[in-house]
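Peer 1: just coords:
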């Protein structure tokens, strides 16, 4: 996992850096393997903004947030990304379940042999 952090119009402090890397590890837990997380933080008119772009080989997520406190903003953005990831994973699992159960038809034992016609099948033995 590669993490890139950009600060504009605010000071880069070790505590902010630690908080962002902690949250990035949390996001990486969901995605595993190769990913690149780009953080952009800035202040405009006393409001703190955070923007995150999460890139990987088969995915791309993006979220922004704003509040009066940068720590709160980081938490909001991470919550938005987690929601996007969960939604995508739910869609994929629902799609897999739908494909697996599409052709499956369960019949009663007596009804299952009603459509069987021996003349359609050649005896290979």
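Peer 2: Okay, I see it. Just so it is clear, the model here is predicted, and its values are computed rather than measured.
Peer 1: three-state assignment of residue 38?
Peer 2: strand (DSSP: H, G, I helix; E, B strand; the rest coil).
Peer 1: list the contacts for it?
Peer 2: For residue 38, the contacting residues are 4, 6, 52-55, by CB atoms under 8 Å, 6 or more residues apart in numbering. (C-beta placed from N, C-alpha, C; glycine too.)
Peer 1: what do you get if the cut-off is 10 Å, keeping everything else the same?
Peer 2: Contact analysis of residue 38 by CB atoms under 10 Å, 6 or more residues apart in numbering lists 2-6, 51-55, 62.
Peer 1: and stretch 93-108, average pLDDT?
Peer 2: For stretch 93-108, mean pLDDT is 68.
Peer 1: inside strands: which ones of the contacts of residue 38?
Peer 2: Filtering those for membership in strands, criterion DSSP state E, returns 2-6, 51-55, 62.
Peer 1: looking at those residues, which is nearest residue 45?
Peer 2: Lowest distance from residue 45 to those (CB to CB) belongs to residue 51, with 16.5 Å.
Peer 1: which of the contacts of residue 38 are buried?
Peer 2: Listed as buried from those are 3, 51-54; burial here means 16 or more other CB atoms under 10 Å.
Peer 1: could you dump the contacts of residue 38 to TSV with distance to residue 30 and pLDDT?
Peer 2: Converted to TSV, the contacts of residue 38 look like this (distance: CB to CB, whole Å; pLDDT from 0 to 100):
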residue	distance to residue 30	pLDDT
2	16	89
3	15	89
4	19	91
5	20	92
6	23	93
51	19	96
52	13	95
53	15	95
54	10	92
55	14	91
62	15	95
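Peer 1: brilliant, that's me finished.
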